[in-house]
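> Here is a sequence together with a model predicted from it:
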Amino acid sequence: MILAEPHAVELLRVDHNALMVGSRQLVGDANDGAFSPDGTLVAFVRDGDLWLGNSDGTGQRRLASTPKVLEWGPSWLPDGSAIVYSAQTPAGARQVRVFRLPTGPSQKLADGTAAAVSPQGKIAYVAGGKVVVAGKPWDAATAFSRIEDLAWSPDGSTLAYTATDEATGVSSTVVDDGVRQAFGPAGVGPTWSPDGSRIAFRTTKGLRSMAPDGTDVQPLGTGKAVDWKLVPTGNVVWPNLVQRPPSGLVTVRAGNGHWLLGFTSMVDNRGPGTLWIKGNRKPGAHVMQVRQILYLRSGGTRVDPQSGELHYVVAPPHYHWHMLGFVHAELRDAGDFALRVRDHKSGFCIADHYGTAIGVPHGPPRFLGNCAQFNPRATYVEEGASVGYTDRYPAFFHGQQLDISGLKSGRYWLVHIANEDFHLRELRYDDDAASVLIQLTWNGGTPHVSTLRSCLKARC
């Protein structure tokens with residue numbers, strides 16, 4: 001759902017290895033861009049890995065680091081929940097794979113390449129020199145030695161692709177409905193316009209467009225056609241969550257004889273935008289589905305797709321609807337960074353209680369609700385963090401602890417990670433983790449913990 005936000009038909013293209021919309025650069029050093037179905041995200045390829053970013057170029061993050069696997073050609077499922085792409089293994093095998101958002105996993109769908117998903121969800125790819133759709137050959141595409149760059153028409157009836165004739169070696173831009181073929185000039189990267197009336201592609205003389213029957217070829221300037229979508233043009237004022245290093249470390253003996261390490265967590269919203277979420281629960285549902293509200297510089301707002309869940313949590317003396325996964329804590333070995341202990345925190349009631357964000361002034365607090373305290377039957381909750389405010393939880397508060405009973409003496413990284421599942425949209429994600437290096441020493445069955453170093457990332 002888009003509110004108070006204009007739209008435009010945008011041609012996403014590559015020019016000098018940068019993703020461009022018109023004359024505006026979205027992402028540098030990138031290829032193979034693809035807008036999400038709602039136009040608010042763009043998937044792309046950098047250094048052989050899949051990346052994701054907001055469609056204004058902010059919030060870039062690597063989906064998975066695969067240094068020995070080459071990835072390319074992202075294409076979105078219609079509901080925006082996953083990205084289908086091509087990959088080549090170290091042994092040279094080519095696969096069609098799907099990456100489930102926001103954090104994976106990646107799964108193999110088939111042996112093949114040049115994957116493309118139609119707006120209706122049909123997956124096409126090339127295997128054995130032929131186009132395959134829904135596991136069956138696309139009958140008309142049989143006379144070419146090489147087929148690349150599959151692209152579906154908006155109505156899902158026709159494919160455009162780059163093909164090389166087996167006998168002559170001549171390449172063409174082919175439009176193929178599975179029965180008949182039309183041929184345009186030699187080119188690569190065909191991309192359909194949103195109304196299906198034009199196909200853009202790259203030639204040796206620059207970017208061109210043509211009618212689906214291969215006629216009316218027109219120049220479009222420089223670059224490579226990548227994607228062509230109706231996208232929101234509102235300029236979002238993104239929030240920016242910044243995780244501070246853990247502090248206030250303390251150890252206590254629990255009732256079951258285990259030893260617990262408690263700590264304070266602090267997450268600043270350093271802006272420039274407000275973090276604002278709304279949770280709604282349908283009758284009979286046990287959880288609330290979260291939607292993030294994003295401010296536009298024009299004064300309007302945009303409602304993002306589902307952004308996580310709120311659960312009613314019983315954590316005496318507090319009983320709230322909590323945002324799960326807002327911050328996670330874990331202990332990792334200082335040597336190999338292997339995970340040793342992970343928290344079981346019940347969640348967060350995000351609010352404007354502490355105007356202490358480092359280096360950022362704040363205005364009056366806006367989010368001072370109690371997250372529907374003592375009301376498990378609530379169907380609506382609103383939470384958030386205004387610019388300049390800090391979400392702070394002290395040691396042992398709602399699960400602010402780790403069980404260290406089974407750990408050996410040694411050095412460990414205590415890591416705090418905000419927005420680990422990437423459900424919340426931000427200006428950037430490289431400041432969502434912070435840590436402290438600790439020395440754990442056991443003396444007569446009692447643990448002693450000292451802080452050796454603080455770090456503004458997972459380790460340093």
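That came through fine.
> Buried residues of stretch 72-83, list them for me.
Buried positions in stretch 72-83, judged by neighbour count with 16 or more other CB atoms under 10 Å: 72, 73, 74, 75, 76, 77, 82, 83. Any C-beta I mention is one placed from the backbone N, CA and C, and that applies to glycine too.
> Likewise for stretch 241-255?
Residues of stretch 241-255 classed as buried under the neighbour-count rule (16+ other CB under 10 Å) are 241, 242, 243, 244, 245, 246, 247, 249, 251.
> wait, which of those is closest to residue 415?
Nearest to residue 415 among the buried residues of stretch 241-255: residue 246, at 8.0 Å, using CB to CB.
> Am I right that residue 327 is in contact with residue 347?
No - with contact defined as CB atoms under 8 Å, residue 327 does not count as touching residue 347 (9.4 Å).
> picking up where we left off before, farthest pair within the buried residues of stretch 72-83?
Spatial extent of the buried residues of stretch 72-83 (CB to CB) is set by the pair 72 and 77 at 17.5 Å.
> picking up where we left off before, among the buried residues of stretch 72-83, name the ones in helices.
Judged by DSSP state H, helices contain none of the buried residues of stretch 72-83.
> So which of those residues are in strands?
Among the buried residues of stretch 72-83, the members found in strands (DSSP state E) are 72, 73, 74, 75, 76, 82, 83.
> Specify the beta-bridge partners of the residue nearest to the third one when sequence neighbours are not counted.
Looking back up the chat, that one is residue 74. Once flanking residues are discounted, residue 74 sits nearest to residue 43: 3.9 Å by CB to CB, 6 or more residues apart in numbering. Bridge pairing for residue 43 (DSSP bridges) gives the partners residue 34, residue 52.
> distance of residue 43 from residue 257?
Here the criterion is CB to CB, to the nearest Å. By it, residue 43 lies 50 Å from residue 257.
> Between those two, which is the more surrounded one?
Set residue 43 next to residue 257 and count neighbours by other CB atoms under 10 Å: residue 43 wins out with 23 against 8.
> my read: the more buried one touches residue 34, true?
Yes - counting by CB under 8 Å, residue 34 is a contact partner of residue 43 at 4.9 Å.
> Mutual contacts of those two, please.
Contact criterion CB atoms under 8 Å, 6 or more residues apart in numbering; residues bridging residue 43 and residue 34 by contacting each: 74, 76, 83.
> Pretty sure the first one sits against residue 85.
It refers to residue 74. Yes - under the criterion of CB under 8 Å, residue 74 makes contact with residue 85 at 4.7 Å.
> what do the two both touch?
With CB under 8 Å, 6+ apart as the test, residue 74 and residue 85 both reach residue 50.
> Domain-wise, how is this structure divided?
Domain segmentation of the chain under automatic domain parsing yields 7-231, 237-455.
> Endpoints of stretch 188-196, how far apart?
Terminal residues of stretch 188-196 are spaced 18 Å apart (CA to CA, to the nearest Å).
> and residue 60, what are its phi and psi?
Backbone torsions of residue 60, given as degrees, to the nearest 10, read phi -80, psi 140.
> Quick check, pLDDT for it.
Confidence at residue 60, expressed as pLDDT, is 95.
> Isn't it up against residue 52?
Yes - between residue 60 and residue 52 there is a contact at 7.4 Å, judged by CB under 8 Å.
> how many neighbours does residue 92 have?
7.
> Next up, phi/psi of it, please.
With angles defined as degrees, to the nearest 10, residue 92 sits at phi 100, psi 0.
> cool, residue 47 as well?
When read as degrees, to the nearest 10, the backbone of residue 47 gives phi 50, psi 40.
> Excluding chain neighbours, what is closest to it?
Once flanking residues are discounted, residue 47 sits nearest to residue 29: 7.9 Å by CB to CB, 6+ apart.
> so how many other residues sit close to the one you found?
Using other CB under 10 Å, residue 29 is surrounded by 11 other residues.
> doesn't residue 19 make contact with it?
No - Residue 29 is beyond contact range of residue 19, at 9.4 Å (criterion: CB under 8 Å).
> If you count contacts, what does the longest strand seen in the chain end up packed against?
The single longest strand within the chain, with elements called by DSSP E, is strand 301-315. If you count contacts as 3 or more CB pairs under 8 Å, 6 or more residues apart in numbering; DSSP states H and E, strand 301-315 packs onto strand 275-280, strand 287-296, strand 318-323.
> what about 7 Å?
Packing partners of strand 301-315 (3 or more CB pairs under 7 Å, 6 or more residues apart in numbering; DSSP states H and E): strand 287-296, strand 318-323.
> ok, of these, where does mean pLDDT dip lowest?
strand 318-323 (a mean of 86).
> ok, back up a step: among the domains of the chain, which gets the worst mean confidence?
Lowest mean pLDDT of these: domain 7-231, a mean of 90.
> Between the two ends of that one, what distance do you get?
5 Å.
> ditto for stretch 45-60
In stretch 45-60, first residue to last residue: 11 Å (CA to CA).
> Report the buried residues of that stretch.
45-46, 49-60.
> May I see these arranged in TSV, with secondary structure as well?
Shown next, in TSV, are the buried residues of stretch 45-60 (DSSP: H, G, I helix; E, B strand; the rest coil):
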residue	secondary structure
45	strand
46	strand
49	strand
50	strand
51	strand
52	strand
53	strand
54	strand
55	coil
56	coil
57	coil
58	coil
59	coil
60	coil
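> Next, format these as TSV and append distance to residue 458.
Below are these laid out as TSV (distance: CB to CB, whole Å):
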residue	distance to residue 458
45	25
46	21
49	19
50	21
51	19
52	20
53	21
54	23
55	28
56	27
57	25
58	22
59	19
60	18
